[in-house]
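# Sequence first, predicted model second:
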Amino acid sequence: MDFQSIIEGIVAFARENAAWAPPIMFVLAFGESLAFVSLLLPAWGALVALGALIGSSGISFWPVWVAAALGAALGDWLSYWIGQKLEYRVQHIWPLSRHPDLIPRGERFMRKWGVPGIFIGRFFGPLRASVPLIAGIFEMPFWTFQFANVASAFVWAAVLLTLGDGISRLLSLWPW
């Protein structure tokens, strides 16, 4: 079974079981934001696809948005904590060890952007995996990191869900 089939199965399940959409979004956003998991199973496509169900399947935006944002914030917080505890040793742990340029790129990015880098990094796949780790390694103050983390998680979740919903609405207008 390939990753595309898994996404299609998740989306089909959520379409038929709207009450499960918020927990599914939480888990997917958590995995997408956790440094190690996001490298193995990028879930942003599933998040956009689930956003396409909003409105058309009776799934409410608000609980799904909050669940996705909290999952993303928790994933980044755990990555930050891992960075604090393991420091640069983290780059030798699989699957990060298979991407030797990821931590140095994240480090350059964080040196250049600092706190705004937490927000910016949330929107770019490879950086999303390394920026929270680097913030932890650099021992960015906890509350400074958390403010940028939580704020960016809510914006990121809203963007992905709105993108999916917008694509769904456009496709419904298309005369097939």
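Cool, the structure landed.
# ok, L34 touching W77?
No - at 9.6 Å, L34 does not count as touching W77 under the criterion of Cβ atoms under 8 Å. Glycine gets a C-beta too; all of them are placed from N, C-alpha and C.
# Looking at these two, which one has more neighbours?
Comparing L34 with W77 by other Cβ atoms under 10 Å, the one with more neighbours is L34, at 23 against 20.
# Find the nearest non-adjacent residue to that one, please.
Excluding the flanking residues, the one nearest L34 by Cβ to Cβ, 6 or more residues apart in numbering is G75, at 4.1 Å.
# my guess is the one you found is in a helix, correct?
Yes - counting by DSSP: H, G, I helix; E, B strand; the rest coil, G75 is part of a helix.
# If you tally nearby residues, what's the number for I93?
Neighbour count of I93, defined by other Cβ under 10 Å: 12.
# quick one: it and R108, what's the gap?
Per Cβ to Cβ, to the nearest Å, I93 is found 21 Å from R108.
# What is the burial count for the nearest residue in space to P126 that is not next to it in sequence?
Nearest non-adjacent residue to P126, counting by Cβ to Cβ, 6+ apart: L102, 6.3 Å away. For L102, the count of nearby residues is 21 (other Cβ under 10 Å).
# how about L102, what does it touch?
By Cβ atoms under 8 Å, 6 or more residues apart in numbering, L102 lies in contact with 39, 91, 96, 126, 129-130.
# least confident pick among those residues?
Among the contacts of L102, L39 carries the weakest pLDDT, at 65.
# starting at the chain centroid, how far to stretch 57-75?
Distance of stretch 57-75 from its chain centroid, counting by Cα atoms, centre = their mean, to the nearest Å, is 11 Å.
# List the buried residues in it.
Across stretch 57-75, burial judged by 16 or more other Cβ atoms under 10 Å covers 57, 59, 63-65, 67-75.
# what does that stretch contact?
Under Cβ under 8 Å, 6+ apart, the answer for stretch 57-75 is 14-15, 18, 21-23, 25-34, 37-38, 47, 50-51, 53-55, 122, 146, 149-150, 153-154, 156-158, 160-161, 165.
# again, only using 7 Å
15, 18, 21-23, 25-34, 47, 53-54, 149-150, 153-154, 156-158, 161 (Cβ atoms under 7 Å, 6 or more residues apart in numbering).
# Same question for stretch 141-149.
73, 76-77, 80, 115, 118-119, 135.
# Generate a PyMOL selection restricted to the buried entries among those residues.
To isolate the buried ones among the contacts of stretch 141-149 in PyMOL, judged by 16+ other Cβ under 10 Å, type:
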select buried, resi 73+76+77+80+118+119+135
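# and which of the contacts of stretch 141-149 is nearest to W174?
W174 has its nearest neighbour among the contacts of stretch 141-149 in F119, at 33.9 Å by Cβ to Cβ.
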